[in-house]
Structures are given as structure tokens and as C-alpha cells.
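Chemist: Here is my input; please provide its structure:
(2 chains)
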There are 2 protein chains.
Amino acid sequence: MSLIVQKFGGSSVADAKKVENVADIVTSAKKNGNDVVVVVSAQGDTTDILIEKAKEINKNPSKREMDVLLSTGEQITISLLAMAIEKRGFSVISLTGWQAGFKTKSNHTNARIIKIDTTRLKSELEMNKIVIVAGFQGIDRLFDITTLGRGGSDTSAVAIAAALHADLCQIYTDVDGVYTADPNLVKNSKKLEEISYDEMLELATLGAQVLHNRSVEMAKRYNVDLEVLSSFKNVKGTKVKERVNVEKLLIRGVTKDDYTARIALINVPDESGYAYHIFSLMGKNGINVDLIVQSYGSKSKKDISFTVPLDSMELATKILKENQERLQIEDIKVSDSVSKVSIVGAGMQMNPGVAAKFFEALYNANINIHMISTSEIKISVLIDKKDSSMAINSIHDAFFE
Amino acid sequence: MSLIVQKFGGSSVADAKKVENVADIVTSAKKNGNDVVVVVSAQGDTTDILIEKAKEINKNPSKREMDVLLSTGEQITISLLAMAIEKRGFSVISLTGWQAGFKTKSNHTNARIIKIDTTRLKSELEMNKIVIVAGFQGIDRLFDITTLGRGGSDTSAVAIAAALHADLCQIYTDVDGVYTADPNLVKNSKKLEEISYDEMLELATLGAQVLHNRSVEMAKRYNVDLEVLSSFKNVKGTKVKERVNVEKLLIRGVTKDDYTARIALINVPDESGYAYHIFSLMGKNGINVDLIVQSYGSKSKKDISFTVPLDSMELATKILKENQERLQIEDIKVSDSVSKVSIVGAGMQMNPGVAAKFFEALYNANINIHMISTSEIKISVLIDKKDSSMAINSIHDAFFE
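Modeler: Next up is the predicted model:
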């Protein structure tokens, strides 16, 4: 007898028929002798509709009241799913975030989980009930409703799995696993049987929108075995865990991120602490800096290039121009016609041939590289956006065909 | 400085514009130096839409899960109203039923309030905030969400007014007060300045759908001054309180109820306890019996007639037929083409002329009376449904013109 936590996202519960489908998956796990806790998101576009309702009344509502409003979305789903499971003759109970014991910090719309008081969850499981929990939400120490921000329901599921020492946390979504590349872009992309937490984190950061980083980080910290699988196809998914067999594949995946912009600072002083000034300025303004490349300094001058998310490009440029004189920047060059292409895989650490193969694939496709950044388990390059599709296909062929 | 509880029903908060209107009414009361607690219902047809969603999945969902589902309706309204009030620069906080301290029994979908723990309400008022409370809902001792059933938000408002010893409980609705007759039926009907709890209770029972009986009963028990007024017209409403000036008007109102059926049991035994057998049979089957008339017994036989709500007519008939032989009923006659017309007024106790005037009005209109029933503050007659509109106009003219 195992304890399984299953999480279903908004697209998996979007309408009555899909809720019934989820009820089938859940009761099937129960019939197979498992204890089951289910975490659900708001249905389909419910959250967007609620945000719309708020904006109609107040363009800038308080975050506390937004949380009161948005938390109703998951509350609707838990009751509907419980009703669908009741109809199948199973004993079931729905719990809101606060009923399920989610205690969070008070930073509304982006609250961190402090702990889960599992008293109620455990007592309902002991009564042999399927327990349905509203994801994405909790309460703070004032008993005010909070929400967890983007990817909150994934995080809720992993947190419950950790708190209850579940045997497995299944993340049901609209894709059936983690692929070696986006199947929409690379037709030969293959589903991975398994992937390590670190590889998954790199892939998530790089734009593979399967799992949110917060949930993967939490799974890694508490060693929760994850499985990503489809709500709509009854096939094996991808396991995410601490150790995977690195022998089998050198790399796990190829990704591209078109949502990036490059900023180059030309001829800046080659002084210690200079980079710190630049990047603390960005950080203070809430701008996430990604790839950073600094040219080898000569004649007391150097160039610094870095990438920022596309929607931070204008703000970053404005701030740099305001400080151009003070920071002695000769010229600022900005481009949004760039794309970041990466490969991820724990296997590459022990295989020096990986980098060579990667650059060879780009060379063969005649693609020019603007920036290069590497970590232990990934290599990223910045290239022209127009080349990005060709690049990932060429790289994917090199490693997987 | 007074403490006012204001309650706004679903039609008063049906869309963004109406929520803004309510925000204006609430902030105006606050500007006038009052502490304000606001109780709201779900927007417009939200509750119906949620019920529809449930029925699509399970025709017979558990009441517990219905409560989880339906309670989201008011939670959406409280956050939206709070946002509208924030925009007007006032300090405001929304509270769900459980946050506002509503402790109820566990009878889901029709829970009774046990008590209100006012700690949080008081502390928010002390911080000079406008407090918005979700009506219709609470939690039971297991911390499960409950709802209060029909008229629940009125009851929530009166309960808060009682618990906080408020100076006034204003029930805002889509009519601007209690009228001497339904203005849609009687064109000369007049708005009452005031009415007693008992008169209001009789009027509510008789079909004037302004306030729900449970809330009026609670107001009477805790001596909460009520005012019924319009969300859409800025005019004085009708006060509902313990003592009113009975001199001014003999009667308060004329009502009709078309939603009734008459059942006549012909030639039944004239024995003691016979009526008890009939009406306990009805009661056991959940049928509410209203007017009861028993003919003067002769030759050891008598007739018993009574009215039941229209939707209980078939069930009542079926049960009586099943027991016809055992109960020695010679014949059962049923009619749904009847209507109950009533006058209500504490003044009639001291004025013997009231009944005479009432019957004279019916006589002048040439209306035949099937049954008569009287209490200290009302007189009801059962007449043919086709005559009911003429009857209330004729009676209204006799008393108010």
C-alpha cells in the first residue's frame, strides 16, 4: 500500500468532462490499493476571468483581496472533483488550503509555505478517504488567505508529498512527459524515462514549461520522487528523482528561449567592482540578468554583455542610459533578435566530447555564436533568433539520432 | 458615532457597476461618522451557475461539497466590493464566513448559527476599517464550510448586528421598502414607514418576499432594529422594530398567495384525535399544512379542508388515497385553482370593524369565499384564483383610499 499525491493543472479540469476524466484516474489509483491525495488548480481560464472581474473594478487592487478572490478558483474545482468521485461510489472529502493545513508567510499573491499541519490530512486518510486539496493557497498567521504565485499548485503537491512522506508525487499535465526537445519544434524529439532534479531545474529555467522550478527545488530538498505524465493519454510519463542513470544518455534535452534580449556595454572601465555596480543596479530594479560575458580587458577598457528577459529590455536600457555618464559607458547596444539555445545533461560532466559535439552541430549548420555560457550540466549559447529552430534541430540530431 | 450593519443582496451586487454603487453607499455611511459592517450575497445568478456546474457532474452531490462550492460565490463578492472601496481611499478588509467567526451546526446547506466569535470583527473595526463579510456561510466544529440556506445573508446580517449590538441593520434590496400590497398588482399601494416584527413575519409568510422569516425572527429575539431600503433609489425605506404606532394604520398590508392548493376530505368520522391522524401523516411526509377548516360535525360525520403549498399537492393526495380506507374518508377533493388573500396588521386586534370591512370589500366585489382563517394580527381567506387580483385591489381600496 503506497501513498500517492496526484496533481492536476487547470487544463486537466477545464470542464465537466475533464473533471470526470480526472475522477477516473484518481479512483483507479485508489482501486489499485493506494492512499490518494489529489491537488488541483482552478479550472481552465477561471483565474483569468476572476482577474478580469477585479480589474474592471480596481486597476490596482490590494494583493490581500486578490488572494481572497483568486482562491475561490481552486475551491470550485475541489468540490466538483469530490462530487465526481462521490458519484463513483468512493469516500472522498475536499479541503481548501487552510483546511489542509497550509501555513504560509504573509506576502500575498506570492506567499512561501512555512509548514503544513498534516493533522486533518492524516485523519481523513485514516478514514480511508480520497482527499482533494485546493492547490496554490494557504493562510498566514493572521488567518488571512494567501496564494503561492506561479506554479503554486505544483508546489502545493510537492509540499504535501514531502509532509506526508508520500511514495510518489504525480504531476498530471497536458503533455505526457519531459522530452529531449520541444516536440512542436523538433519532430524527432524523444520522451525521457527519467531525469535528475538538477537537470529538470536547468530545463525549467531554460523554457521547458513542464514543471515550475519552485516545485522541483522543493522536491530535491525533500527527496520527493516526481512523475510528469498526461491526464489525457494513459502512458508512462517521465520520472524526476535524485539519481538517474547517466550512462544511457549524455544529455537530457535541447531547449531554446526566444524570450530574451542582449545588452552590450562597450568600452567600460576595466576596474575591480565595476561588474558589481552594473548588476546591483539591475537587481535593485527587479531585472533578472541571465548570461553574462565579459571580454578580456585591454588598454584599461573592456566590454560587458548580458541577457535579460525580453520584457525587461526597455527598463534596463532606460536605467543604463540614465547612468551612462556616471558609469563611463562609451556605448550601449541592445538587441531583441537573439535566442538562447541550450543543452542540459548531468552526463556531460564526464564526457568532454559533449561540448565539441554541440559546437560542431552549430558549425555544420553555419550558425554564428554571440555569447557562450556553461555550467556543470548545461551549455548555453546566444545566437540570432532567425537561426534558433535550425539550431535545436541540428543539435538534437547530433545527440539523439 | 453609530455602528451600522448593511446587507446587500445578489441583485444589488450583480455586476461591476452595481458593486461600485454599493461602494458609494457604504463609504457614504462611513463618511457620516459611522462604523460600518457590510454583509453581501453572491453576485446575481452566480449561485445558479455554480449549482448548474455541480449538476452537470453529479445529480445528487453531497451537501458538504455543495457548501464548499456555493460559498465561493460570496467570497468573490467580498473581495470585489473591498477593491471598489479601496479605490475610494478607505481602509477596508473582507472576511469570509469563517474568518468573521460564524460558528454553525453541521447541517450542510441549511445550517443554524450557533454563535459569532466577534474577536476579529471587533479588532478590524477598532482599526477603523470598513469590514465586508460574506453572508450565507460559516464553519461547523469540524472546520467544514457550511451555508445557511434560503435568506441566509439576511440572517448573517441580523446575527452580526445582534452580536455587535449594532444601532441599525439595513437590508438593501431591489425594492425601496415594505408596501401595503405588491405594487405590481395594486397600483395605489403605499410604502410603510414602519412595521412591527410580528406584522413583518405574517407578511413574509404570506408571500411578501422582502425579508426572510428567519432573519425577522432573529431580529425580534435580539431586538435588532431593521430597515428595508433600496440599493438603487436614495429614499427612506421601511423600519422594522418591536413597537410601532398602531394608531396610524389599522392594517399594514394586503397580500395574495397563488402558490397554494386546497384539499377537502369529505364525510370523515367525527371522532376525537381524527384531525391529529391526518396532520401527523402530512407532517411525517414533510408537507406543511396552512389554513385548516373543519365543518361543524353532524350525524357522526364532518368535513376537513386544508391548504398545502402547490408543489406538495400531488404527494399529499397520493398519501391520502393510500390511507383513504383506513382513515374512512368518503371522498377526497383537490383544487389548485385557489388563492389565499390576507390582511395583516397589529391594529386589527383593537378594532372589531376590520374584519367587517374586509368581508364587505370581498362582498362588494362579488367574490365567493371558500375558507376563512384568522389570527390576532391577520385574516386570511381562500378564494378562486381568478378573483385574487380583483380581491386585493378591492380590499386595498377599502383600507387605504
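
Chemist: use CA for all of it now, contacts and neighbours both
Modeler: Will do.

Chemist: Give me the below-cutoff pLDDT ranges for the stretch 251-400 of chain A.
Modeler: Low-confidence segments of the stretch 251-400 of chain A (pLDDT under 70): A:297-299, A:349-350.

Chemist: which stretches of it form strands?
Modeler: A:253-257, A:260-269, A:292-294, A:301-309, A:331-335, A:338-344, A:369-374, A:378-384 (DSSP state E, counting those that start in this stretch).

Chemist: In a markdown table, list the ones you listed along with mean neighbour count and distance to chain B.
Modeler: Putting the strands of the stretch 251-400 of chain A into a markdown table (neighbours: other Cα atoms under 10 Å in any protein chain shown; distance: least, Cα to the nearest Cα, whole Å) gives the following:
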| stretch | mean neighbour count | distance to chain B |
| --- | --- | --- |
| strand A:253-257 | 26 | 37 |
| strand A:260-269 | 20 | 35 |
| strand A:292-294 | 16 | 42 |
| strand A:301-309 | 19 | 31 |
| strand A:331-335 | 14 | 39 |
| strand A:338-344 | 25 | 40 |
| strand A:369-374 | 15 | 46 |
| strand A:378-384 | 22 | 44 |
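
Chemist: Would you mind putting the ones you listed into JSON lines with distance to residue B:336 alongside?
Modeler: Listed next are these as JSON lines, based on distance: least, Cα to Cα, whole Å:
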{"stretch": "strand A:253-257", "distance to residue B:336": "72"}
{"stretch": "strand A:260-269", "distance to residue B:336": "74"}
{"stretch": "strand A:292-294", "distance to residue B:336": "84"}
{"stretch": "strand A:301-309", "distance to residue B:336": "72"}
{"stretch": "strand A:331-335", "distance to residue B:336": "80"}
{"stretch": "strand A:338-344", "distance to residue B:336": "77"}
{"stretch": "strand A:369-374", "distance to residue B:336": "84"}
{"stretch": "strand A:378-384", "distance to residue B:336": "81"}
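
Chemist: which residues sit against stretch A:28-38?
Modeler: By Cα atoms under 8 Å, 6 or more residues apart in numbering or on different chains, the surrounding residues in contact with stretch A:28-38 are A:1-8, A:26, A:125, A:128, A:130-133, A:157.

Chemist: One more: stretch A:313-331?
Modeler: A:261, A:263, A:265, A:266, A:267, A:268, A:269, A:282, A:287, A:332, A:334.

Chemist: What strand or helix carries residue A:216?
Modeler: helix A:213-222 (DSSP states H and E).

Chemist: From the structure, what's the count of residues near residue A:259?
Modeler: Residue A:259 has 16 neighbours, counted by other Cα atoms under 10 Å in any protein chain shown.

Chemist: my bad, should have said residue A:187
Modeler: For residue A:187, the neighbour count with other Cα under 10 Å is 11.

Chemist: Contact partners for it?
Modeler: Counting by Cα under 8 Å, 6+ apart, residue A:187 makes contact with nothing.

Chemist: Check the gap between the residue lying closest to residue A:362 once chain neighbours are set aside and chain B for me.
Modeler: Nearest residue to residue A:362, sequence neighbours excluded (Cα to Cα, 6 or more residues apart in numbering or on different chains): residue A:391, at 6.3 Å. Residue A:391 sits 47 Å away from chain B, taking Cα to the nearest Cα, to the nearest Å as the criterion.

Chemist: list the contacts for residue A:391?
Modeler: Residues in contact with residue A:391 (Cα under 8 Å, 6+ apart) are A:341, A:361, A:362, A:365, A:367.

Chemist: now the residues you listed: which count as buried?
Modeler: Using 16 or more other Cα atoms under 10 Å in any protein chain shown as the burial test, the contacts of residue A:391 include A:341, A:361, A:362, A:367 as buried.

Chemist: Residue A:304: what's it in contact with?
Modeler: Counting by Cα under 8 Å, 6+ apart, residue A:304 makes contact with A:264, A:265, A:266, A:268, A:292, A:293, A:294, A:295.

Chemist: you'd agree the last one is up against residue A:303?
Modeler: It refers to residue A:295. Yes - here residue A:295 reaches residue A:303: they are 5.3 Å apart, a contact under Cα atoms under 8 Å.

Chemist: how about the helices in chain A?
Modeler: Assigned by DSSP state H, the helices in chain A fall at A:16-31, A:46-57, A:63-87, A:119-126, A:152-163, A:197-205, A:213-222, A:274-284, A:313-322, A:353-364, A:388-400.

Chemist: What distance do you get for residue A:394 to chain B?
Modeler: 48 Å.

Chemist: dump the residue contacts of that residue.
Modeler: Contacts for residue A:394 were tallied using Cα under 8 Å, 6+ apart; they are A:361, A:362, A:365.

Chemist: That one and residue A:383: what is the separation?
Modeler: 14 Å (Cα to Cα, to the nearest Å).

Chemist: Next, show the common contact partners of these two.
Modeler: With Cα under 8 Å, 6+ apart, residue A:394 and residue A:383 have no common neighbours.

Chemist: which phi and psi does the residue in the stretch 101-250 of chain A positioned nearest to chain B have?
Modeler: As assessed by Cα to the nearest Cα, chain B sits closest to residue A:143 within the stretch 101-250 of chain A, at 7.2 Å. Phi and psi for residue A:143, reported as degrees, to the nearest 10, are phi 70, psi 30.

Chemist: got a list of what it touches?
Modeler: For residue A:143, counting by Cα under 8 Å, 6+ apart, the contacting residues are residue B:99.

Chemist: Repeat that for residue A:204.
Modeler: A:210, A:211, A:212, A:213.

Chemist: what bits of the stretch 1-150 of chain A have low per-residue confidence?
Modeler: Looking at the stretch 1-150 of chain A by pLDDT under 70, you get an empty list.

Chemist: picking that back up, got a winner among the contacts of stretch A:28-38 for most neighbours?
Modeler: Top of these by neighbour count (other Cα under 10 Å): residue A:133, with 32 neighbours.

Chemist: Looks like it contacts residue A:97 (just checking).
Modeler: Yes - using Cα under 8 Å, residue A:133 is in contact with residue A:97, at 6.6 Å.

Chemist: picking that back up, among the contacts of stretch A:28-38, which lie within strands?
Modeler: Using DSSP state E, the members of those that fall in strands are A:3, A:4, A:5, A:6, A:7, A:8, A:130, A:131, A:132, A:133.

Chemist: Which pair of these spans the longest distance?
Modeler: A:3 and A:8 (16.6 Å; Cα to Cα).

Chemist: if we can go back for a sec, please compute how far the helix holding residue A:216 lies from its chain's middle.
Modeler: 10 Å (Cα atoms, centre = their mean, to the nearest Å).

Chemist: burial measure for residue A:214, as a count.
Modeler: 17.

Chemist: what number of residues lie near the nearest residue in space to it that is not next to it in sequence?
Modeler: In this structure, residue A:214 finds its nearest non-sequential neighbour in residue A:155, 6.4 Å apart by Cα to Cα, 6+ apart. Look at residue A:155: counted by other Cα under 10 Å, it has 28 neighbours.

Chemist: close enough to count as contact, residue A:155 and residue A:217?
Modeler: No - contact between residue A:155 and residue A:217 fails when scored by Cα under 8 Å: they sit 9.3 Å apart.

Chemist: who's in contact with residue A:358?
Modeler: Contacts of residue A:358 by Cα under 8 Å, 6+ apart are A:395, A:398.

Chemist: neighbours of residue A:123, just the number please.
Modeler: For residue A:123, using other Cα under 10 Å, the count is 11.

Chemist: Look up how far residue A:131 lies from it.
Modeler: 10 Å.

Chemist: which bits of chain A sit near chain B?
Modeler: Within chain A, the positions adjacent to chain B are A:16, A:20, A:53-54, A:56-58, A:61-62, A:65-66, A:68-69, A:72, A:75-76, A:79-80, A:82-84, A:86-87, A:93-94, A:99, A:143-144 by Cα under 8 Å from any Cα of the partner chain.

Chemist: From the residues you listed, list the buried ones, please.
Modeler: A:16, A:20, A:53-54, A:57-58, A:61-62, A:65-66, A:68-69, A:72, A:75-76, A:79-80, A:82-84, A:86-87, A:93-94, A:99, A:143-144.
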